[in-house]
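[1] mind looking at a prediction? Sequence and model below.
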Amino acid sequence: MNPRALQSIKPLAEVLIEGELSPFEHEALHRLLNKGFTVEPPSYIPFAYGEEDLATRINITFHYPYNPDFFTKHLRENWRELKDLIKEIRYRRGRAGAAFSFTFVQDGFSLVFRSGEVDDREISSAMDQIGHLTGIISRMLKAETVPETLGMVECGFDKLTDRWDQFRATSRAESNVYEFDEESSNWRSTKP
């Protein structure tokens, strides 16, 4: 199969950088993602006024379902390289800080992992957990636990407890918002 045909069957990844990357970081991120995905060079936007006090936030959207296949087929060892690159980017920002978000998109549904400012150890832990939560999140999204068709689930990394937490869901119609209740293992409405 010719390389161009192979390129066309790779899933899409989009990169949006809030703040800046160095030319080296820009090229390394693009080259790394291009191994398993069709990816355009990163796009850049400034931080919105009032946003976190960060130097850089790396937002990567994978147009691929969040499941073990993502980590074994499309990124494999490159997941560790991605983690190392994000750690290096964060290290270069020093006190200014860096954060990341990964979004997995499939059939009108988005799953968003948003880190907030993290240090090197927290980056390692947060990314390792993303790779290992596929079974838990698939149970959270089973038809019997979900009150209606969801359009998006978001979570944040809690540095105190060292885990992804505060799972919030929005219905596809964007009219209802839910939080995941760990005790009952069900979604509950946030309406009073």
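    Perfect, I can see it now. Numbering: from 1, shown residues only.
[2] outside of the longest helix along the chain, which residues touch it?
    Determined from DSSP state H, the single longest helix within the chain is helix 78-93. With contacts defined as C-beta atoms under 8 Å, 6 or more residues apart in numbering, helix 78-93 is touched by 21-22, 25, 28-29, 32-33, 35-36, 54-56, 58, 71, 75, 97-98, 100, 118-120, 123-124, 127-128, 131. C-beta coordinates here come from the backbone N, C-alpha and C atoms, glycine included.
[3] buried subset of those residues as a PyMOL selection?
    To isolate the buried ones among the contacts of helix 78-93 in PyMOL, judged by 16 or more other C-beta atoms under 10 Å, type:
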select buried, resi 21+25+28+29+32+33+36+54+55+56+58+71+75+97+98+100+118+123+124+127
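[4] show me the contacts of helix 78-93 that map onto helices.
    25, 28, 29, 32, 33, 120, 123, 124, 127, 128, 131.
[5] ok, and the closest non-adjacent residue to the second one?
    With C-beta to C-beta, 6 or more residues apart in numbering as the criterion, residue 28 has its nearest non-adjacent residue at 5.7 Å, and that residue is residue 85.
[6] rewinding a little: now the longest helix of the chain: buried residues?
    Buried residues in helix 78-93, counted by 16+ other C-beta under 10 Å: 78, 79, 82, 83, 84, 85, 86, 87, 88, 89, 90, 93.
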